[in-house]
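Asker: Dropping a prediction and its sequence here:
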Amino acid sequence: MKPSQLLSPAAKRISNLLARGAVTLVNAANKMQILQVSLLSEEAKDTLEHLEPYGFTSHPLPGAEVLAAFIEGDRSHGVVLVASDRRYRPINLAAGDVSIFDNRGHKITLTATGIVIAANGHPVTVTGGDVIADGIALKTHTHGGVTTGSGQTGAPS
């Protein structure tokens, strides 16, 4: 047997380890999200589990790009390691900035000078407690110098 024939099964398994593709359908109703993807070789996979980092989840849109992994090159059972969507990814972040974003233009960016929330004209809702800014509580702060009519109140205390 030629050396190339001996290496052929191993080479095939190695070439089958990773594949790029695109999301075609999402089932987000389970504890582990299931994706249907179309791989670059026109190979469709219906039930790939989407492994997401602890504390983070998303519902990728059709067309989002994926990187799928197949243990030991076995294409019968794979997982999606990451789903990304360049169509909506914020660009030109400063070095060290971190951003959470969606397809609607909503964005939370952690910057060197603070946290920027871009709600794209939609309301920002805070539930389950109070908002405190510079030591002033939204629910319980008081205003001094209250006057009637068109006068202004004093600063919160």
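Answerer: Yep, it's here.

Asker: can you map out the strands along the protein?
Answerer: With DSSP state E as the criterion, the chain has strands at 18-27, 34-39, 44-50, 65-70, 78-84, 98-101, 107-111, 114-118, 132-133, 136-137.

Asker: So what are the sheet partners of the second one and their directions?
Answerer: Here strand 34-39 has these sheet partners by DSSP bridges: strand 18-27 (antiparallel), strand 44-50 (antiparallel).

Asker: Determine which of these approaches residue 132 most closely.
Answerer: Set against residue 132 and scored by C-beta to C-beta, those come closest in strand 44-50, at 36.2 Å. In this view, the C-beta of every residue, glycine as well, is placed from N, C-alpha and C.

Asker: per-domain residue ranges of the protein.
Answerer: 17-84, 88-124, 126-157 (automatic domain parsing).

Asker: Contacts made by stretch 12-23 with the rest, please.
Answerer: Applying C-beta atoms under 8 Å, 6 or more residues apart in numbering, the contact partners of stretch 12-23 are 35-41, 43, 45, 60-70, 72-75, 78, 83.

Asker: again, but for stretch 68-77
Answerer: Applying C-beta under 8 Å, 6+ apart, the contact partners of stretch 68-77 are 12-21, 37, 39, 43, 45, 48, 78-81.

Asker: how close does the most centrally placed residue in the chain sit to residue 116?
Answerer: Nearest to the mean C-alpha position of the chain, by C-alpha atoms, centre = their mean, lies residue 58 at 5.0 Å. Remark: distance between residue 58 and residue 116 (C-beta to C-beta, to the nearest Å) = 20 Å.

Asker: count of neighbours near residue 38?
Answerer: Neighbourhood size, residue 38 [other C-beta atoms under 10 Å]: 17.

Asker: let's number from 19 now, not from 1
Answerer: From this message on, residue numbering opens at 19, which makes the last subject residue 56.

Asker: wait, isn't the residue nearest to the centre of the chain in contact with residue 102?
Answerer: No. Residue 76 is not in contact with residue 102 according to C-beta atoms under 8 Å; the separation is 9.8 Å.

Asker: what about stretch 41-56, distance to the chain center?
Answerer: 14 Å (C-alpha atoms, centre = their mean, to the nearest Å).

Asker: first to last residue in that stretch, what's the distance?
Answerer: 7 Å (C-alpha to C-alpha, to the nearest Å).
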